[in-house]
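1. Quick one, structure for this:
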Amino acid sequence: MEKEIYEGTNCLVTGGEGFIGRWIVDDLFKEKANVFVLDKKLERDVVVRDIEKKCKLINGDILDMNVLKSVIKNNKIDYIFHLAANAIISKSIKYPITTFEINTRASYNIFEVARINDVKGIIVASSNTVYGEQKPPYTEDLVLKGNNPYAASKVCMDVIANSYFKTYGLPIVRGRFANNYGEFDQDFTRAVPSIIKAVIENRNPVIESDGTPIRGFIHVNDTARASLLLMKNIKNTAGGAFNVDAETPIQVMELAKKIINISNKKLSLEVNHTRKNVVPTLFMSTDSAAARVGPIP
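-> This is a model prediction of the structure:
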């Protein structure tokens, strides 16, 4: 990345204390950007990896338009990395209205305030779930399908983001992320951290599906780097949607077995079939992103 792109600019990361957000804060800090984090949690625990030394933390609700106006205008924000979301599918099923509020309404609030304040660029974190069940590998030109509240909320955000580009010329790019894994992920409803946690605790890992689904995974650091790359090229990526995936799909059951084998522990894999209506195969092509900005990290 060219340091002059971010050096000295004011960058806002919503959800900057979240899993992906923390890695983006790290990368922006290394690029000598002035980083502002807007987050409602602000845990300030050991997991934040000295985040307070790398940015200005702002405790605020992204659903509050006045908060957004104040943060974006008063800090003269140049670039926005919008990561704040309810990203847990099971939670979205239990609390659909809250999910639509956080994932969709908060997003168009940000788009509107960014439009009014002439922000130079926005990247929004969409998801591979917006494709629903189709023939893999998924490409960006496929019809979007919201098969659960989380996916539907991301489809809505995706479409609204595109409308703001088409109507107002707002420089916004959509990153459709694969399943992320890596250090500091504390969401144990996700496959990788739940399996690793069980192995560390000498328990048999439990898979909630039948174990046969195939998924695309990507390390969170690669997702963060890809996000900065897409924003760096905002003149070429604005208005577009780009898949961010490592393109190394693996069956969930096989993934679990690999982790157990690496541990050298005598553990067995348990399958409880509690998760129903699971998309059997979900992984994406990154050819479009590669053609526009070069290889996705």
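2. Isn't Phe188 up against Ser194?
-> Yes - counting by Cβ atoms under 8 Å, Phe188 does reach Ser194; the two are 4.7 Å apart. Every residue, glycine included, has its C-beta placed from N, CA and C.
3. Comparing those two, which residue is more hemmed in?
-> A count of neighbours by other Cβ atoms under 10 Å puts Ser194 above the other of Phe188 and Ser194, at 18 against 13.
4. which strands and helices sit next to the helix or strand containing that one?
-> In this assignment (DSSP states H and E), Ser194 forms part of helix 191-200. Judged by 3 or more Cβ pairs under 8 Å, 6 or more residues apart in numbering; DSSP states H and E, the packing partners of helix 191-200 are strand 179-181, strand 206-207, helix 252-263.
5. hmm, try it at 6 Å
-> helix 252-263 (3 or more Cβ pairs under 6 Å, 6 or more residues apart in numbering; DSSP states H and E).
6. For the helix it packs on, name the packing helices and strands.
-> Secondary-structure packing of helix 252-263 (3+ Cβ pairs under 6 Å, 6+ apart): helix 191-200.
7. pLDDT averaged over the helix it packs on, what's the number?
-> The average pLDDT within helix 191-200 is 94.
8. now the angle between helix 252-263 and it, please.
-> Interaxial angle, helix 191-200 versus helix 252-263 (axes from the mean of the first three to the mean of the last three Cα atoms, to 10 degrees): 40 degrees.
9. Next, the buried residues of helix 191-200.
-> Across helix 191-200, burial judged by 16 or more other Cβ atoms under 10 Å covers Ala191, Val192, Pro193, Ser194, Ile195, Ile196, Ala198, Val199.
10. just the strands in this structure please.
-> 10-14, 34-39, 56-59, 79-82, 121-127, 172-177, 179-181, 206-207, 214-215, 217-219, 241-244, 250-251, 270-271, 281-282 (DSSP state E).
11. Adding mean pLDDT and mean neighbour count, write those out as TSV.
-> TSV is the format used below for the strands of the chain (pLDDT from 0 to 100; neighbours: other Cβ atoms under 10 Å):
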stretch	mean pLDDT	mean neighbour count
strand 10-14	97	25
strand 34-39	94	25
strand 56-59	91	15
strand 79-82	98	27
strand 121-127	97	26
strand 172-177	98	27
strand 179-181	95	21
strand 206-207	92	18
strand 214-215	94	18
strand 217-219	96	20
strand 241-244	97	25
strand 250-251	96	14
strand 270-271	89	14
strand 281-282	92	20
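12. I'm done for today, thanks for sticking with me.
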